[in-house]
Each structure stands twice: as structure tokens, then as C-alpha cells.
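# whatever this is, show me its structure:
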Amino acid sequence: MPEKAQLVVAGKKLSVSNLDKVLYPKAAFTKGQVIDYYIRIAPVLLPHLKDRPLTMKRYPNGVEAEFFYEKNCPVHRPTWVKTAKVWSEGNNRMMEYCLAQDLPTLVWAANLADLELHTSLARKKNVSRPTVMVFDLDPGAPADIVQCCRVGLWLRDLLGKLKLKSFAKTSGSKGLQLYAPLNTPATFDQTKDLSRALAQALEREHPDLVTSNMSKALRKGKIFVDWSQNDEHKTTICVYSLRAKEEPTVSTPVTWQEVENCLKKKKADLLKFRSDQTLARVQKMGDLFGPVEKLKQKLPKKWKL
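Numbering: from 1, shown residues only. Below you'll find the model as predicted:
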């Protein structure tokens, strides 16, 4: 593969470089392969990126070297890269985020070694209105994704009692994530209050396995049900994004049957997917996360847990 190339992507000219540079040393996975993955996964990935302010997590020298988050869209971006202005309380100024609206923008970001795609839970038109409620199940060693599956199934059932359907995906790292699509008017205060209440309910019922407390000292052998992602100023790893781990693992949608099977067999590797495996799954199963962008569900006005 050449070190530099000119690509024409959907009618847009793009320069890509350092294609043979190894970004995942232990897997010998190159920047060219990163770009190739994002091109192939784009048909199912782009609907989940559309209109969502993007924080880029860039690894110019690979996953074993230093990385940095880039919230402001680079000034050297092509003129066709769309952006969204979002007020940042932390920086006390307006930030201009990239929007990955199309394939050329996705390839451009991948060429910047933006391995991980972190998106807002809201869309640009109303950044204070989440379209989804999210739970990040984070295991504290020696717990792993097997225990996350146990907690995830409990959480799925609790949400079901509130008439909320939920969808699971791997984090691509150690844990499991649950998304309850809304796509109806809701505020972050509402989703945060309910997600916190659900996490605390699980902690009360299963104190030996669940914590709702962010303290890392309390996580040993437990699953932290992180409700705090439901915040206007936070981002979450986008479905189908690569992760910067030893291998090019992907945040991959899974069926509830697969979650149950992982718990039953107690095999964490059953829910570990590399880029090639995720591509094969999409070819076979389609976009299991498609309903997250479209399914309309209302938050309960009152709840008793």
C-alpha cells in the first residue's frame, strides 16, 4: 500500500497519508486498515453519527503512544466538513464541533488517526434534548463482561417494567452498554434522574455485585452502573467505533440472546469483536442498533422502583 494516496470519496478529493503506519502494534493493524474499516462500516455507522457533535480521540502514533481529544473541529478541515456550534460551560466559550455527516468526512477523520468516535446523546438542533438514555456497565476486576451481562439483564427487565425497550452493545473495551431510545421530548435532567434511580435500585437489590457510586475504590469485583453519561456535556463511544486497545476491537451491538449466552457459558470472549468480526456480523445481521435512532418511547412521568 502506498504511503500517500489521493482518494475520490463520494465525489470529494481526499489526501491520505502514512497508510502503512502501524497503529495497533500487537495486532500489526495499520492506518490503512483503519480507514478501510471505516469505509466498509460506514453504511451502518453514519446514521448514528448524523447531526451529533463529534469529539475526536486521536492516536497519531498508535494506541501505545500519547493520544488527545479534539473537541474543536480542526481549522485545516476541508471546506465541506460540516460543524455545529455548542456552548461549553467548562471552557466558557462557544465550541465548533465536527459533524460526521458523510463518508468523505469519516475518511478524513480516520486519516487523522481518530480511532475513537465519541458523540453527544443529543443532535445539533437541540443539544439540550437527549434522544436516548444510556447506561455504561463498567466492571471492576476481577469482574468482567460476564458479570456485566448479569447486571444488564436485570437492568433490561427494570426498564421493561417502565415500558422502555432497551438495546445492548459492547463498549469495545471491558464492559457492556445499554441504550433506551426515546426520540421524544426529554431533558438530560430527566434521563439523569431516572438512570440514577435505576442504578440505585439495582444496587439496593444486589449490593454484592452492583454499585452506583463512581468511586473506583468501591468497584472491586462489582459492576459500576454509570448513569452519569446522561449529561449534556458528556460524550459516549459511538456504536461501531473502533477502540484504542491492544486489538482493533469495536463497540458492537449484540442481541439479548447473545448476552444471555455469554452469562450462561461464562465466556467473556463471546462478546469481544474485532473489526473484521463486526463487519461480518453486519453483513449477516444488519444494523441491530437501527431502532435506537428511530424508536419513539416516552419517559415515565412517575416511577416506583
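# how about the helices in this protein?
31-49, 103-111, 145-161, 188-205, 256-265, 275-285, 290-294 (DSSP state H).
# run through who's touching the first one.
The reference is to helix 31-49. Helix 31-49 has contacts (C-beta atoms under 8 Å, 6 or more residues apart in numbering) with 1, 9, 16, 18-23, 99-103, 106-107, 109-111, 113, 115, 117, 119, 238-242, 248, 275, 278-279, 282, 286-287, 289-290, 292-293. Yep, even glycine has a C-beta here, placed from its N, CA and C like the rest.
# now the fifth one
Judged by C-beta under 8 Å, 6+ apart, the contacts made with helix 256-265 from elsewhere in the structure are 145, 146, 149, 150, 152, 153, 156, 168, 176, 268, 270, 271.
# Serialize these to TSV and add fields for pLDDT, neighbour count and distance to residue 41.
Shown next, in TSV, are the contacts of helix 256-265 (pLDDT from 0 to 100; neighbours: other C-beta atoms under 10 Å; distance: C-beta to C-beta, whole Å):
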residue	pLDDT	neighbour count	distance to residue 41
145	98	25	22
146	98	18	26
149	98	27	24
150	98	20	29
152	98	27	24
153	98	16	27
156	98	19	26
168	98	26	19
176	98	27	20
268	97	16	23
270	98	18	21
271	98	24	18
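# closest to residue 88 out of those residues?
In terms of C-beta to C-beta, no member of these lies closer to residue 88 than residue 176, at 29.8 Å.
# now do the same end-to-end measure for stretch 57-71.
The first and last residues of stretch 57-71 sit 9 Å apart, counting by C-alpha to C-alpha, to the nearest Å.
# same question for stretch 19-33.
Counting by C-alpha to C-alpha, you get 8 Å between the two ends of stretch 19-33.
# quick one: that stretch to chain centroid distance?
Here the centre of stretch 19-33 is set off from its chain's centre by 22 Å, with C-alpha atoms, centre = their mean, to the nearest Å.
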